[in-house]
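J.: Structure for this input, please:
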Amino acid sequence: MADTADTRTPAQIEADIRRRRATLAETLDEIGVRVHPKTIVGDAKAKVASNIDHTLGRAYVEVNRAVTDVRARFVDEDGAPRLERVVPVALVVVGVVGLLAFSTRRRKG
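T.: Numbering: from 1, shown residues only. All right, here's what the predicted structure looks like:
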């Protein structure tokens, strides 16, 4: 490589220097943009938003799966309620609500 440097003309050397200066200026501009506080904050916001979107997407999938599982337990393939499962659950819910109402009345009175 030293041999080719010896054979270059002054014009070639000047052209090479101009190219390297231009490349260096572009690199410095890019570094300046990357380390600018607005860029850093923008990148951080984008990363947080991406993580939130990803988390919400996973949560949606899990909730959808849970709802589908519960629905499958209480509704048959035709969409009709499975009374053998709905009635006992409804009785338990009514009983718990009744106990809560009764205990609230006892505390007030």
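J.: Might you list the low-confidence residue ranges for this structure?
T.: Counting by pLDDT under 70, the ranges of the chain that qualify are 1-6, 109.
J.: Which stretches in it count as helices?
T.: 2-7, 10-35, 37-74, 83-108 (DSSP state H).
J.: Tell me what angle the second one forms with helix 37-74.
T.: Interaxial angle of helix 10-35 relative to helix 37-74 (axes from the mean of the first three to the mean of the last three Cα atoms, to 10 degrees): 50 degrees.
J.: Give me the helices and strands touching helix 10-35, please.
T.: With contacts defined as 3 or more Cβ pairs under 8 Å, 6 or more residues apart in numbering; DSSP states H and E, helix 10-35 has no helix or strand neighbours. C-betas here are computed from N, CA, C, even on glycine.
J.: again, but for the last one
T.: Contact analysis of helix 83-108 by 3+ Cβ pairs under 8 Å, 6+ apart lists helix 37-74 as its packing neighbours.
J.: Just the angle for the helix it packs on relative to helix 83-108, thanks.
T.: Using the same axes, to 10 degrees: helix 37-74 against helix 83-108 is 110 degrees.
J.: what would the helices of the chain look like in CSV with mean neighbour count?
T.: Formatted as CSV, the helices of the chain follow (neighbours: other Cβ atoms under 10 Å):
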stretch, mean neighbour count
helix 2-7, 7
helix 10-35, 10
helix 37-74, 10
helix 83-108, 10
